[in-house]
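Visitor: when you get a sec, could you give me coordinates for this:
(2 chains)
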Amino acid sequence: EPEVTQTPSHQVTQMGQEVILRCVPISNHLYFYWYRQILGQKVEFLVSFYNNEISEKSEIFDDQFSVERPDGSNFTLKIRSTKLEDSAMYFCASSLDGGAGNTIYFGEGSWLTVV
Amino acid sequence: SQQGEEDPQALSIQEGENATMNCSYKTSINNLQWYRQNSGRGLVHLILIRSNEREKHSGRLRVTLDTSKKSSSLLITASRAADTASYFCATVLTGANNLFFGTGTRLTVIP
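Guide: Just a heads-up that it's a prediction; the model follows:
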């Protein structure tokens, strides 16, 4: 069964460093998302991406964050200057369309630890 | 806040019993989706119910949706120890495409 894949599974980074998290969405999907989950807390929406541009973003997705689809398969999340509070599990997700039957499929996540 | 709120926050049952988890939300939705998460792992999609549907089944799962009460329930029948996980409801708001997650119910099934 097709799945969303994410790399790395775990990354430890120094505060202030840039981090890029990578995702390969399901191949025929058109909508892409990033979510995060701070340990013990709920899953929070960061950003959605469609037709090579951001379609929606939350308050969390500030200027430190950016997304890119550099080629036909990868979807990346960049955090420019990491902070301690960026430590979380980051989930990539994709969906075929945006209609009422729009099932959103998630990857296994990338644990980011900022020290 | 548009997020759903699950009830109860934690549920512990014996294997073989049924587990019912409830979800409430605040605004008009396009659909509602239930996910499962094992500790520290990814989110596994369980079932989607559209706003014009009232009930859906998938194996041992039964989901209901009451848009007048802005609530949904997930029933797992004949629970197994392997069902132990956190279960989240998530809504797609009318006119949007992204999910807003609830706080989750931690289900423990005791063998």
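
Visitor: centroid residue for chain A?
Guide: residue A:34 (2.9 Å; Cα atoms, centre = their mean).

Visitor: and that residue, that one's in a strand?
Guide: Yes - under DSSP: H, G, I helix; E, B strand; the rest coil, residue A:34 falls within a strand.

Visitor: tell me the contacts of it?
Guide: For residue A:34, the contacting residues are A:21, A:23, A:46, A:47, A:67, A:77, A:90, A:91, A:92, A:93, by Cβ atoms under 8 Å, 6 or more residues apart in numbering or on different chains. C-beta here means a position set from N, CA and C on the backbone, and glycine is covered the same way.

Visitor: what sits opposite it in the beta ladder?
Guide: residue A:47, residue A:92 (DSSP bridges).

Visitor: around chain A, which positions in chain B sit nearby?
Guide: B:3, B:30-31, B:33, B:35, B:40-45, B:48, B:50-52, B:88, B:90, B:92, B:96-104 (Cβ under 8 Å from any Cβ of the partner chain).

Visitor: out of the residues you listed, which are buried?
Guide: Neighbour counting over the residues of chain B next to chain A (16 or more other Cβ atoms under 10 Å in any protein chain shown) leaves B:3, B:30-31, B:33, B:35, B:42-43, B:48, B:50, B:88, B:90, B:92, B:96-104 as the buried ones.

Visitor: out of these, list just those in strands.
Guide: Among those, the subset assigned to strands under DSSP state E consists of B:30-31, B:33, B:35, B:43, B:48, B:50, B:88, B:90, B:92, B:99-101.

Visitor: what would those residues look like in a markdown table with pLDDT and distance to residue A:51?
Guide: Shown next, in a markdown table, are those (pLDDT from 0 to 100; distance: Cβ to Cβ, whole Å):
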| residue | pLDDT | distance to residue A:51 |
| --- | --- | --- |
| B:30 | 89 | 19 |
| B:31 | 91 | 21 |
| B:33 | 94 | 23 |
| B:35 | 95 | 26 |
| B:43 | 93 | 25 |
| B:48 | 94 | 23 |
| B:50 | 93 | 24 |
| B:88 | 94 | 28 |
| B:90 | 93 | 23 |
| B:92 | 86 | 18 |
| B:99 | 87 | 19 |
| B:100 | 89 | 22 |
| B:101 | 91 | 25 |
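
Visitor: can I get those residues in CSV with distance to residue B:109?
Guide: Below are those laid out as CSV (distance: Cβ to Cβ, whole Å):
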residue, distance to residue B:109
B:30, 32
B:31, 27
B:33, 22
B:35, 17
B:43, 19
B:48, 24
B:50, 29
B:88, 17
B:90, 22
B:92, 29
B:99, 26
B:100, 27
B:101, 22
